[in-house]
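Colleague: build me a structure from this.
(2 chains)
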Amino acid sequence: DGGITQSPKYLFRKEGQNVTLSCEQNLNHDAMYWYRQDPGQGLRLIYYSQIVNDFQKGDIAEGYSVSREKKESFPLTVTSAQKNPTAFYLCASSPRTALEAFFGQGTRLTVV
Amino acid sequence: GQSLEQPSEVTAVEGAIVQINCTYQTSGFYGLSWYQQHDGGAPTFLSYNALDGLEETGRFSSFLSRSDSYGYLLLQELQMKDSASYFCAVGGTGGFKTIFGAGTRLFVKA
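Modeller: Here you go, the predicted structure:
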C-alpha cells in the first residue's frame, strides 16, 4: 500500500540533545513537507522540499534542519537550538502543491 | 501579513447540515484547501478550490470566492464520525508555502 511512514510514533528527548524524525513515502511524490502542531492550534510549516537535493525554510525553521538526498525520504532533525520542541510533528507529501497533501501519522516529541 | 480566520467550535445534530467558514488574508493566493483531523490523528485532505465556485465530493462541498477572500466547507447528512477538527489552508505563490487556520472543532450530537 502507498503511503507516508513516520517513525517513531512517540519520542522522548533530554534537553540539549539533537533528535532525528524519520519520514518515508512510497507515493512517488516530488514535494515533501514538515509541519509542527501545538495543542489546539493549526499546522505551521517548518521546511519543505520541492525536489531531491533542494529544500526551503518555512515559517518556523529556526532550531530545525532537514535533508533530501532521496525522493522517498525527508528526515527532520530537531536540534538543541530549538527552545520549545515539545509538539506533534507531521510529515506530508504531495504530487503538486501543498494544498493537496497526504500526511503521515505523526511523531509526538516530548522533551524531558 | 497572512492570516486565516475560522470559528473555533461548531455544534450540530446528526443528520443536519453544517457550514464552516474561512476568511483569509494572503499574498499570491494559490488556492484554498480543507482538511479533517480526528483527535491524535493525521490531517486528511478533503477538498481544494483554486477557482471561484462550489466543489462537491460526496457529503462534503467546498466553496470559494476570491473577490471576498472567503470560503466555506459544507457537510451534509452529518454523522457521529464527522466529529473532528476541520482546518482551512491557503497556499501562497507556487502553492508550496501553506498557511493553516487554527481549526474548527465540530461536535456532532445524537
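Colleague: any idea how many residues pack against the closest residue in space to B:E5 that isn't next to it in sequence?
Modeller: Leaving aside its chain neighbours, B:E5 sits nearest to B:T23 (4.8 Å; criterion: C-beta to C-beta, 6 or more residues apart in numbering or on different chains). From N, CA and C alone the C-beta is placed, and that goes for glycine too. A count of neighbours around B:T23, defined by other C-beta atoms under 10 Å in any protein chain shown, yields 16.
Colleague: now do the SS call for B:T23.
Modeller: At B:T23, secondary structure determined by DSSP: H, G, I helix; E, B strand; the rest coil is strand.
Colleague: residues contacting it?
Modeller: B:4-6, B:68-70 (C-beta atoms under 8 Å, 6 or more residues apart in numbering or on different chains).
Colleague: mind doing that once more with 7 Å?
Modeller: B:5, B:69-70 (C-beta atoms under 7 Å, 6 or more residues apart in numbering or on different chains).
Colleague: with A:Q56 instead?
Modeller: Counted by C-beta under 7 Å, 6+ apart, A:Q56 has contacts A:47-48.
Colleague: was I right about A:R36 contacting A:C91?
Modeller: No: with contacts counted by C-beta atoms under 7 Å, A:R36 stays clear of A:C91, the gap being 10.9 Å.
Colleague: who has more neighbours, the two?
Modeller: Taking neighbours as other C-beta under 10 Å, A:R36 and A:C91 compare with A:C91 leading, 28 against 23.
Colleague: what's the helix or strand for that one?
Modeller: Assessed by DSSP states H and E, A:C91 sits inside strand A:87-94.
Colleague: buried residues in that strand?
Modeller: A:87-94 (16 or more other C-beta atoms under 10 Å in any protein chain shown).
Colleague: can you show me the strands along chain B?
Modeller: Secondary structure of chain B (DSSP state E): strands located at B:3-5, B:9-13, B:18-25, B:31-37, B:44-49, B:53-57, B:60-65, B:70-75, B:84-91, B:98-100, B:104-109.
Colleague: how about the ones you listed in a markdown table, adding distance to A:E24 and mean pLDDT?
Modeller: Output for these, formatted as a markdown table (distance: least, C-beta to C-beta, whole Å; pLDDT from 0 to 100):
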| stretch | distance to A:E24 | mean pLDDT |
| --- | --- | --- |
| strand B:3-5 | 30 | 93 |
| strand B:9-13 | 36 | 97 |
| strand B:18-25 | 32 | 97 |
| strand B:31-37 | 21 | 96 |
| strand B:44-49 | 19 | 94 |
| strand B:53-57 | 28 | 94 |
| strand B:60-65 | 29 | 97 |
| strand B:70-75 | 31 | 97 |
| strand B:84-91 | 23 | 95 |
| strand B:98-100 | 21 | 91 |
| strand B:104-109 | 31 | 97 |
